[in-house]
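Asks: build the 3D model from these lines:
(one chain, ligands or ions: 1)
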Amino acid sequence: MDGVGNVFGRWEAGEGPAVLAGSHLDTVPEGGPLDGTLGVCAALEAVRAMKEAGIRPARPVEVVCTADEEGRFGGMLGSQAICGEVGADFIAAAADETGRPLSEALAEAGLDASGPLARDMGSVAAFLELHVEQGPVDETRLTVGKVALSPNFSHSVAGEAAFSVVGRDADDGVLTSLRAATRAALERAAEAHGLDLAVREASFLPPTPLDGALVGELHALARSCGLSTRLMTSGAGHDAQTFARHCPAGLLFVPSVGGVSHAPHEWTAWPDALKGATLLARAVARLATR
Ligand SMILES: [Zn+2]
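Replies: Numbering: from 1, shown residues only. Just a heads-up that it's a prediction; the model follows:
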């Protein structure tokens, strides 16, 4: 385990940069059982299956469980620490929405983030992640949540309303315009109603294309396994998005029943999970043996 709670299991084999596979172990409040955990279990199972099949990798293989992918402290702490996008400065300044400092939460968990966290990305050949599919993603979306009124009482007019706004789009230009338009709309509404307004931008994660060659290879591999495939844009952020800025990265979605995720009843039909896990195992084996 590293200083921010990422867990690595390394299969020492061959030489050169390692193939990494995994996902995150945290989920949102009121989340479900599969979110990132399915991807961690599938990566572990991929290594087991390779060992059982007597496959001898030409390079190391690592199972990665990242910490705080859901951004309790903003961004994606685990994968961003691995990739060197956040370090001591971020850790010293970050706090969750209750004001709890990240440094305190780490200390309470017995973690010491004072050592080096960033990994030499030259030691990573590729990152593969299996994840449950998360909802429709073909259009721009704004989600308003976490509304807190103060005072929050039936007979009182609230004096203050705090809420979050999350914007998603696959296009950086659209996302940037959306940010400006949202801010302008809030300012107009505040002015029209004579309200004070304070806006704090918690994070901006740019849309990130995955590695085209790797994505093509995953499609071909899926078809060779007799699986139907569909190229999808992810509206939600994932660890693969962080890794993709630093190494070839691929993301495999398995279908969520009813398109539901981040909810207690999120589920993936087990035959679908099995297909995804099989494809992940074949992809890890392919990348690790060449
Ligand atoms: Zn997730």
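Asks: ok, and what's touching the host helix or strand of residue 43?
Replies: Taking DSSP states H and E as the criterion, residue 43 maps to helix 37-52. For helix 37-52, contacts defined as C-beta atoms under 8 Å, 6 or more residues apart in numbering pick out 9, 11, 21-25, 27, 57, 61, 63-65, 128-132, 254, 268, 273, 276-277, 280-281, 284-285, 288. (C-beta placed from N, C-alpha, C; glycine too.)
Asks: count of neighbours near residue 96?
Replies: 15 (other C-beta atoms under 10 Å).
Asks: which ones are touching residue 146?
Replies: 97, 162-164.
Asks: which pair in those residues spans the largest distance?
Replies: The distance between the two most remote of the contacts of residue 146 (C-beta to C-beta) is 11.4 Å, for 97 and 163.
Asks: who has more neighbours, those two?
Replies: Ranked by neighbour count (other C-beta under 10 Å), residue 97 and residue 163 place residue 97 first, with 13 against 10.
Asks: on the three-state scheme, the more buried one is what?
Replies: Recorded secondary structure, residue 97: coil (DSSP: H, G, I helix; E, B strand; the rest coil).
Asks: I'd assumed residue 96 was in contact with residue 105.
Replies: Yes. Residue 105 lies in contact with residue 96 (C-beta atoms under 8 Å); the separation is 7.3 Å.
Asks: please point out which parts of the helix holding residue 43 sit buried.
Replies: Within helix 37-52, the residues that count as buried by 16 or more other C-beta atoms under 10 Å are 37-47, 49-50.
Asks: dump it to PDB, restricted to CA.
Replies: Only the C-alpha atoms of helix 37-52 are listed here, as PDB (Å, rounded to 0.1, in the frame of the first residue of the first chain):
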ATOM      1  CA  THR A  37     -14.800  -3.300  -7.000                       C
ATOM      2  CA  LEU A  38     -15.900  -5.500  -9.900                       C
ATOM      3  CA  GLY A  39     -12.800  -4.200 -11.800                       C
ATOM      4  CA  VAL A  40     -10.500  -4.900  -9.000                       C
ATOM      5  CA  CYS A  41     -11.800  -8.400  -8.600                       C
ATOM      6  CA  ALA A  42     -11.700  -9.000 -12.300                       C
ATOM      7  CA  ALA A  43      -8.100  -7.900 -12.500                       C
ATOM      8  CA  LEU A  44      -7.200 -10.200  -9.600                       C
ATOM      9  CA  GLU A  45      -9.100 -13.000 -11.300                       C
ATOM     10  CA  ALA A  46      -7.200 -12.300 -14.600                       C
ATOM     11  CA  VAL A  47      -3.900 -12.900 -12.900                       C
ATOM     12  CA  ARG A  48      -5.200 -16.100 -11.200                       C
ATOM     13  CA  ALA A  49      -6.500 -17.300 -14.600                       C
ATOM     14  CA  MET A  50      -3.200 -16.600 -16.300                       C
ATOM     15  CA  LYS A  51      -1.300 -18.500 -13.600                       C
ATOM     16  CA  GLU A  52      -3.800 -21.500 -13.800                       C
END
